[in-house]
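Q: structural data only, the sequence is not supplied:
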């Protein structure tokens, strides 16, 4: 029987891994000896902090990078289909592999090869932001990064708002930490005054801040956001007569 | 200082709560004595299974139902803003409150009243399905339930596929368990032969099955799906020249 490909979430802030990872996830982590890691160094640090019995330098840690090379998938997965094959865990630098992070292509290839895939529970800043936003959790969309160039970005922001209003949908996206404040300013200035904006910074961390205000409220007193991982959420007010979310 | 409104995930299958809930979540659960529960009976059962020191019948458990009455939000939250206020946890029957489950309106109202909101880590079948699907995790959409009526449902399925192809986006939705097989059949028959479909049943449970195949493959040998909670995911193949996800 083939080994299992585990999808192993990493913590998303400088917390004790035990605080945010359940027993099943920690058990797989501590028993696994082969890892496909977005970044080998941060994976070693994470495994050690999460109590892997190690020794860490005897583990097989293959660095797959932020944009894994599809030409390598078969080589990375081949040892999993042999007799005496080892379970392997995909681990990204932060959060859940294959969600706003590498891993999806490897999972797809593993499925095609008949390798069982097992996703494990762990923190996801997008999901935690959605929960705490007070916005619609019955219908939402995650967009990754918005365009960087100003005109393109502002057009994207307006189109996101129109889509949110049309469908009553929550729109979620992320930004590079050093551009957080610039993004919040662009949102506050481009969106309708009554559109809701959530800025969720350092989720699960000691500096966790998840704040929801209208575009007008943000604009009146725009804060400097810390240069820490941040998820933004946007929800337009629906026109009267539209469906309302609970 | 106001008490905190915790968003407390429930297990999503008949597992030990410790297997899928991390220490921080369990600690809040065991220390909290006031709950806003989608269903009071299942909340009591969950709290007991998760090791709440109880006695369970001394806890304050307010049943908010599947569609909470917005007229009650202030009454439910009022005790949280008084001196000696009690922390309160929103808990749904399964998974994360406010995500495909009640809670969002209460969170929004709490924010407006200045009550701190703290989302906790736990299992989410939508997120675990996305991770294990091998589909695009950089851009995805959750649609809740599709329409029930056949023509409307098939139109929705076709529009979902078009949107997935246009944006390279993963489309996720859920179905009432007794209609799982009917939904899979409709997807297999309505979608392009090479469109990918994931059916994820009993995620984290002993009968967990997360299978991704093309519409054509599903159509050739359509299984009877168990009448257990199931998440569906769809991703169309992009036209040549389109952006490819990793």
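A: Received, thanks. Everything numeric here is computed off the predicted structure, so don't read it as measured data.
Q: gap between the most centrally placed residue in chain A and residue A:68?
A: Nearest to the geometric centre of chain A sits residue A:100, at 4.7 Å (Cα atoms, centre = their mean). If you measure residue A:100 against residue A:68 using Cβ to Cβ, to the nearest Å, the figure is 15 Å. Where you see a C-beta, it was placed from the backbone N, CA and C, and this is true even at glycine.
Q: repeat that for residue A:211.
A: Taking Cβ to Cβ, one finds residue A:211 at 35 Å from residue A:68.
Q: out of these two, which sits in the busier spot?
A: residue A:68 (21 against 17; other Cβ atoms under 10 Å in any protein chain shown).
Q: how about the nearest residue to that one, chain neighbours excluded?
A: residue A:102 (5.2 Å; Cβ to Cβ, 6 or more residues apart in numbering or on different chains).
Q: likewise for residue A:33?
A: Once flanking residues are discounted, residue A:33 sits nearest to residue A:59: 5.4 Å by Cβ to Cβ, 6+ apart.
Q: which residues touch that neighbour?
A: Contacts of residue A:59 were listed using Cβ atoms under 8 Å, 6 or more residues apart in numbering or on different chains, and they are A:33, A:34, A:35, A:44, A:47, A:52.
Q: all the helices of chain A, residue numbers only.
A: A:17-20, A:23-31, A:40-49, A:73-77, A:104-112, A:125-133, A:150-167, A:180-190, A:215-220 (DSSP state H).
Q: other SSEs contacting the fourth one?
A: The contact analysis (3 or more Cβ pairs under 8 Å, 6 or more residues apart in numbering or on different chains; DSSP states H and E) places helix A:73-77 against helix A:104-112.
Q: any bit of the helix it packs on sitting next to chain B?
A: Yes - residues of helix A:104-112 are located near chain B by Cβ under 8 Å from any Cβ of the partner chain, namely A:104, A:105, A:107, A:108, A:109, A:110, A:111.
Q: can I get those in a markdown table with distance to residue A:127, pLDDT and neighbour count?
A: Formatted as a markdown table, those follow (distance: Cβ to Cβ, whole Å; pLDDT from 0 to 100; neighbours: other Cβ atoms under 10 Å in any protein chain shown):
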| residue | distance to residue A:127 | pLDDT | neighbour count |
| --- | --- | --- | --- |
| A:104 | 17 | 94 | 27 |
| A:105 | 22 | 94 | 20 |
| A:107 | 18 | 96 | 26 |
| A:108 | 22 | 95 | 22 |
| A:109 | 26 | 95 | 17 |
| A:110 | 23 | 95 | 24 |
| A:111 | 23 | 93 | 21 |
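Q: from these, pick the one nearest chain B.
A: residue A:108 (3.0 Å; Cβ to the nearest Cβ).
Q: name the nearest residue to the closest one, ignoring sequence neighbours.
A: Nearest residue to residue A:108 in three dimensions, chain neighbours excluded: residue B:134, at 3.0 Å (Cβ to Cβ, 6+ apart).
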